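Chemist: Got a predicted model here, sequence first, then my questions.
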Amino acid sequence: MARGKQPSKAPKVRKAVLTHTIADFEPAFWPDEQPVDNAVVMTMGALHEGHAALIRAARKQVGHDGRVAVTVFVNPLQFGEGEDLDRYPRTLAADVRLAEENGADVVFAPLPEEVYPNGTPQVRIAAGSMGERYEGATRPGHFDGMLTVVAKLLHITDPDFAFFGEKDAQQLAIVQRMVADLDFDVEVIGVPTVREEDGLALSSRNRFLSETEREQALALSRALLAGRDVAAQGPEAVRKAASAVLADADGIALDYLALIDPEDFTEAADDFQGEAVLAVAAKVGATRLIDNVHLIVR
């Protein structure tokens, strides 16, 4: 070995601490007085590569010495009557491994009684008109429940940065609006959608698709890309191109296809120009899927 050269050190393995209570979370996330940047990634579990991308983005943002928390909580307030709360996958052991491998320091996986110690909360945060359209119209009260738990988790984790996926575009927009309107001291950062090689957006619900249904679900991303390809021709061309793909698709029960102004999540006018979100929601078999792309309309 050359003089002065030291043997290379193996990269340090970051061990994530699993916590279930606020009392245990706080000393695990803030183990000392040293001020460092910290970030949170909020999930409902069943983590996949899309969540891994969020965790890696959080780690990159705060640096090696910063702190990254991942929350795993299937929030009952986000599920309406007849929705799949009991069916929603719970895979905590695998979730902790994925979080740890991608840079998390702490996984906070509380039970509902820890988050809502007084039972179903009487006071909630309302998403307002932004939460009544599209996903909110299909799932009344969903975004109120989402904002309520996001606000609670922001108070518990007290992060400098919070990372959310762009696949849930309406959720991201509403969280950003809540943070701005209610003066939360946190920066909300969106992370681009992660897709399979064939274009299917990653989702915890994809595991419920049969092989045939998964093939049929590809029509959603094809429709969005068809709309994006003609964005320079204006809103009408975008809607027609995307609708044509879905009209020819088998096995798709369309909920909505919408070209949306991201400022307030209203339908873009026929003369709209600028950045927009082309969003789709549909049932494939018994599984409801959502997807979207950002595009510039001319």
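Modeler: Yep, it's here.
Chemist: Now do the strands in this structure.
Modeler: Assigned by DSSP state E, the strands in the chain fall at 17-19, 38-43, 67-72, 106-108, 161-165, 187-191, 252-261, 266-267, 274-284, 287-297.
Chemist: Can I get these in JSON lines including mean pLDDT, mean neighbour count and distance to residue 228?
Modeler: Heads up, the C-betas are built off the backbone N, CA and C, glycines and all. JSON lines is the format used below for those (pLDDT from 0 to 100; neighbours: other C-beta atoms under 10 Å; distance: least, C-beta to C-beta, whole Å):
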{"stretch": "strand 17-19", "mean pLDDT": "98", "mean neighbour count": "18", "distance to residue 228": "41"}
{"stretch": "strand 38-43", "mean pLDDT": "98", "mean neighbour count": "26", "distance to residue 228": "27"}
{"stretch": "strand 67-72", "mean pLDDT": "98", "mean neighbour count": "27", "distance to residue 228": "31"}
{"stretch": "strand 106-108", "mean pLDDT": "98", "mean neighbour count": "27", "distance to residue 228": "36"}
{"stretch": "strand 161-165", "mean pLDDT": "98", "mean neighbour count": "23", "distance to residue 228": "18"}
{"stretch": "strand 187-191", "mean pLDDT": "98", "mean neighbour count": "18", "distance to residue 228": "17"}
{"stretch": "strand 252-261", "mean pLDDT": "98", "mean neighbour count": "18", "distance to residue 228": "11"}
{"stretch": "strand 266-267", "mean pLDDT": "96", "mean neighbour count": "16", "distance to residue 228": "17"}
{"stretch": "strand 274-284", "mean pLDDT": "98", "mean neighbour count": "21", "distance to residue 228": "7"}
{"stretch": "strand 287-297", "mean pLDDT": "97", "mean neighbour count": "20", "distance to residue 228": "4"}
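Chemist: could I get these as TSV with distance to residue 138?
Modeler: Below are those laid out as TSV (distance: least, C-beta to C-beta, whole Å):
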stretch	distance to residue 138
strand 17-19	34
strand 38-43	22
strand 67-72	25
strand 106-108	29
strand 161-165	19
strand 187-191	22
strand 252-261	6
strand 266-267	15
strand 274-284	7
strand 287-297	8
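Chemist: Just tell me which of the ones you listed ends up closest to residue 213.
Modeler: Evaluated over the strands of the chain, closeness to residue 213 peaks at strand 274-284, with 4.8 Å, by C-beta to C-beta.
Chemist: just to revisit the earlier point, out of the strands of the chain, which gets nearest to residue 208?
Modeler: Comparing these by their distance to residue 208 (C-beta to C-beta), the top pick is strand 287-297, with 4.5 Å.
Chemist: hang on, the earlier thing: so for residue 230, which of the strands of the chain sits nearest?
Modeler: Nearest of the strands of the chain (C-beta to C-beta): strand 287-297, 9.4 Å.
Chemist: And that closest one, what does it pack against?
Modeler: Other helices and strands packing on strand 287-297, by 3 or more C-beta pairs under 8 Å, 6 or more residues apart in numbering; DSSP states H and E, are helix 211-229, helix 235-247, strand 274-284.
Chemist: for that strand, the distance to its chain's centre please.
Modeler: Chain-centre distance of strand 287-297: 13 Å, with C-alpha atoms, centre = their mean, to the nearest Å.
Chemist: which one of the strands of the chain lies closest to residue 26?
Modeler: Among these, strand 17-19 sits nearest to residue 26 (C-beta to C-beta), with 8.8 Å.
Chemist: what's the distance between the residue nearest in space to the middle of the chain and residue 43?
Modeler: The residue lying closest to the centre of the chain (C-alpha atoms, centre = their mean) is residue 165, at 3.7 Å. Separation of residue 165 from residue 43 (C-beta to C-beta, to the nearest Å) stands at 9 Å.
Chemist: Now the common contact residues for these two.
Modeler: 51, 54 (C-beta atoms under 8 Å, 6 or more residues apart in numbering).
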